[in-house]
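Chemist: Need coordinates for the below:
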Amino acid sequence: MGKGCEDVCDWLTQPGLTCLVVADGAGSRSMARDGAALAVLSALETVRAGQPGQPSQPADESILTSWLQAIFASVREQIAAMAASG
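Modeler: This next block holds a predicted model:
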C-alpha cells in the first residue's frame, strides 16, 4: 500500500501580489512531507521579506529572475540545514 500525499502547498496575498507555492514531497524518503513543508515555508518567508517592483508598476524579467533565484537559494539552504541535522 502506498504512502499518503507528501505534497504541500500554501499561498499569500499582499497588495499587488498573490503568490502560490507548491512543493512535491519525495514520497520515497522518510522526511518527504517535512522537506516539502519546509520548502513552502521558506519560499513564503522569502516572498514576505520583499517583493519585486511596486504594486502599481510590474517588475521586469530580470528583477523577477533575481527574486526567484533568491527564493530557491533560501529554500535550498533550509533543506540542506534540515538534512544535516536529521
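
Chemist: leaving aside the residues next to it on the chain, what's closest to Asp24?
Modeler: Asp7 (5.4 Å; C-beta to C-beta, 6 or more residues apart in numbering). C-beta coordinates here come from the backbone N, C-alpha and C atoms, glycine included.

Chemist: ok, which stretches of the chain are strands?
Modeler: Taking DSSP state E as the test, the strands found in the chain are 8-14, 17-23.

Chemist: weakest of those strands by average pLDDT?
Modeler: Lowest mean pLDDT of the strands of the chain: strand 17-23, a mean of 89.

Chemist: in the chain, which ranges drop under the pLDDT threshold?
Modeler: 1-3, 51-59 (pLDDT under 70).

Chemist: Now whichever helix in it runs longest: buried residues?
Modeler: Taking DSSP state H as the criterion, the chain has its longest helix at helix 61-85. In terms of neighbour count (16 or more other C-beta atoms under 10 Å), helix 61-85 has its buried residues at 67, 71, 74-75, 78-79.

Chemist: Stretch 28-38 now?
Modeler: 31-38.

Chemist: Tell me the one of the residues you listed nearest Leu12?
Modeler: Ala37 (15.2 Å; C-beta to C-beta).
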